[in-house]
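J.: make a model of this:
(one chain, ligands or ions: 1)
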Amino acid sequence: MYTLIGSPKTRVFRVLWCLEELGLDYELEPAPPHSPAITAINPSGKVPALKDGDDVIIDSVAICQYLADKHGRLTHAAGTIARAQQDSWTQFTVDDVESPLWTNAKHSFVLPEDKRVPAVKPTCEYEFDRAMGVLGERLGSQTYVTGETFTVPDLLLGHCGGWAVNSGWTLPEGTVADYIARVRSRPAFNRAMEIRDRS
Ligand SMILES: N[C@@H](CCC(=O)N[C@@H](CS)C(=O)NCC(=O)O)C(=O)O
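T.: As a prediction, the model looks like this:
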């Protein structure tokens, strides 16, 4: 039994979706960032965290990849070229797709007001648009980023696609918008959304 800690309207959603994809038993403790439940286990106060027995793992990407490796799904095997390509997609997602979304969010509502620099936000959108161009080129006609198998970076990109739309940004029509819609139409995604909306 796993315990997922953090409010699922954040990057916690990725882990919720991952747990649903894998069909695992878990409890959800929807604690907000910096609440006592999270600062007790993560000094940064950031969510998500996952408890696996007495062990705690922090960071959504680390948790999703751990669960995928442990349960042998949503991932290619370590030490294969396919896994290297998968990890390359994960890094691209974190560096080029998530980073402008997070910087935009920090300068919109996360940071204290006197630390926000709204002028940076158009640059964030520009960087995101550039990353979407790269995504479309690298993806081409493939179903998922590494081919026919849905893996962790597809889940991360699906989450970031929704985050972008919620930020008022648009996804390029065609390859990219169709891919994000495909990933977000998975039954496990819909179950995770229902759980998120109830919590
Ligand atoms: N790389 C971390 C980032 C975690 C993160 O920044 N979470 C946000 C919510 S989406 C948070 O807790 N923010 C509070 C803060 O920045 O202090 C992950 O993917 O888990």
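
J.: what helices or strands is the longest helix along the chain leaning on?
T.: Counting by DSSP state H, the longest helix found in the chain is helix 121-139. If you count contacts as 3 or more Cβ pairs under 8 Å, 6 or more residues apart in numbering; DSSP states H and E, helix 121-139 packs onto helix 81-92, helix 99-105, helix 175-183. (Each C-beta comes from the backbone N, C-alpha and C, glycine too.)

J.: ignoring the adjacent residues along the chain, who's closest to residue 175?
T.: Using Cβ to Cβ, 6 or more residues apart in numbering and skipping the chain neighbours, the partner closest in space to residue 175 is residue 136 (4.4 Å).

J.: and the contacts of stretch 7-16?
T.: 4-6, 28, 30-33, 47-48, 50, 60-61, 63-64, 67, 155-156, 159, 192, 195-196, 199 (Cβ atoms under 8 Å, 6 or more residues apart in numbering).

J.: buried set for that stretch?
T.: Neighbour-count burial for stretch 7-16, with 16 or more other Cβ atoms under 10 Å as criterion, is recorded at 7-8, 10-16.

J.: out of those residues, which are inside strands?
T.: Per DSSP state E, strands hold no members of the buried residues of stretch 7-16.

J.: this structure against the ligand: which residues are in contact?
T.: With Cβ under 6 Å from any ligand atom as the criterion, the chain meets the ligand at residues 10-11, 33, 45-48, 59-61, 110.

J.: which single one of those residues is nearest to residue 89?
T.: Within the residues of the chain next to the ligand, distances to residue 89 taken as Cβ to Cβ reach their minimum at residue 61, with 11.4 Å.

J.: check what pLDDT that closest one gets.
T.: With respect to pLDDT, residue 61 scores 98.

J.: quick check: it touching residue 94?
T.: Yes. Using Cβ atoms under 8 Å, residue 61 is in contact with residue 94, at 6.4 Å.

J.: could you find the closest non-adjacent residue to the most centrally placed residue in the chain?
T.: Central residue of the chain (Cα atoms, centre = their mean): residue 156, 3.5 Å from the mean position. Distances taken as Cβ to Cβ, 6+ apart put residue 93 closest to residue 156, at 4.6 Å, once the chain neighbours are dropped.

J.: and the pLDDT at the one you found?
T.: In this prediction residue 93 is given a pLDDT of 98.

J.: before we move on, back to that, from the helices and strands packed on helix 121-139, which stretch is densest packed?
T.: Compared across those, helix 99-105 shows the largest average neighbour count, a mean of 20 (mean count of other Cβ atoms under 10 Å).

J.: using CSV, write out every CA atom in that helix.
T.: What follows is helix 99-105, C-alpha atoms only, in CSV (Å, rounded to 0.1, in the frame of the first residue of the first chain):
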residue,chain,number,x,y,z
SER,A,99,10.4,24.9,-16.9
PRO,A,100,8.6,27.7,-18.7
LEU,A,101,5.3,26.6,-17.2
TRP,A,102,6.7,26.7,-13.7
THR,A,103,8.5,30.0,-14.2
ASN,A,104,5.3,31.5,-15.5
ALA,A,105,3.3,30.1,-12.5
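
J.: what about the helices in the protein?
T.: Going by DSSP H, the chain shows helices at 12-22, 36-39, 60-71, 81-92, 99-105, 121-139, 152-166, 175-183, 187-198.
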